[in-house]
Structures are given as structure tokens and as C-alpha cells.
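S.K.: return a 3D structure for these sequence lines:
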Amino acid sequence: MNEKSKTTTLIISIFLGELGIDRFYLGYTGLGILKLITVGGFGVWWLIDVILILMGKMKTKSGQELV
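M.R.: Modelled structure (predicted):
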């Protein structure tokens, strides 16, 4: 199993989330590209992703919880 770290995901999301790198890290290639093109959904999508990670609601594409 390839577990993803909640802390690593949060750091990537805070600093590179507007480029979609956090979504690529979690396996969501299509959403990563969309987020890259829209610069993090004009900042809104970026903020929502950071909040979801902090609340523990974000999962990998295969459905695994972040540890």
C-alpha cells in the first residue's frame, strides 16, 4: 500500500496547491490539470482543499485515508 501523509499533503497544498500539485500527489491527474489551468480555482478551490485536508476529509484517488 502506498499511504500518503496528511502533513505532506497539507504542506504541498499550502505552497503549491494553486498549481494543482496537491491533486497530482493524491492521484487526481485530471483535477490537477484543471486546478493548474484555473490557478487553484482563482484561489477558492485552493482554500477549500486546505480546509478539507485540515478536517481530514481529503482522500487519495483510490479512496485511502491520509495518515
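
S.K.: give me the helix or strand of this structure that scores worst on average pLDDT.
M.R.: Between all helices and strands in the chain, the lowest mean by mean pLDDT, DSSP states H and E belongs to helix 39-42, at a mean of 94.

S.K.: got the buried residues for the helix or strand that that helix is followed by?
M.R.: Note on helix 39-42: by DSSP states H and E, the next helix or strand toward the C-terminus is helix 44-55. The neighbour-count check on helix 44-55 (16 or more other CB atoms under 10 Å) flags 45, 46, 49, 50, 53 as buried. Any C-beta I mention is one placed from the backbone N, CA and C, and that applies to glycine too.

S.K.: let me see the contact set for the first one.
M.R.: If I follow you right, that is residue 45. By CB atoms under 8 Å, 6 or more residues apart in numbering, the contact set of residue 45 is 35, 38.

S.K.: looking at the buried residues of helix 44-55, which is nearest residue 19?
M.R.: Closest to residue 19 out of those is residue 46 (9.4 Å), distances taken as CB to CB.

S.K.: distance of the closest one from residue 2?
M.R.: 24 Å (CB to CB, to the nearest Å).

S.K.: ramachandran angles for residue 59?
M.R.: Backbone torsions for residue 59, taken as degrees, to the nearest 10, come to phi -130, psi 170.

S.K.: burial measure for it, as a count.
M.R.: Residues lying near residue 59 (other CB atoms under 10 Å) number 14.

S.K.: beta partners for it?
M.R.: residue 65 (DSSP bridges).

S.K.: redo the buried residues of helix 44-55 as a markdown table? Include pLDDT and distance to residue 38.
M.R.: Below are the buried residues of helix 44-55 laid out as a markdown table (pLDDT from 0 to 100; distance: CB to CB, whole Å):
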| residue | pLDDT | distance to residue 38 |
| --- | --- | --- |
| 45 | 96 | 7 |
| 46 | 95 | 10 |
| 49 | 97 | 13 |
| 50 | 97 | 16 |
| 53 | 97 | 19 |
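
S.K.: would you turn those residues into a markdown table with distance to residue 35?
M.R.: Shown next, in a markdown table, are the buried residues of helix 44-55 (distance: CB to CB, whole Å):
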| residue | distance to residue 35 |
| --- | --- |
| 45 | 6 |
| 46 | 8 |
| 49 | 8 |
| 50 | 12 |
| 53 | 14 |
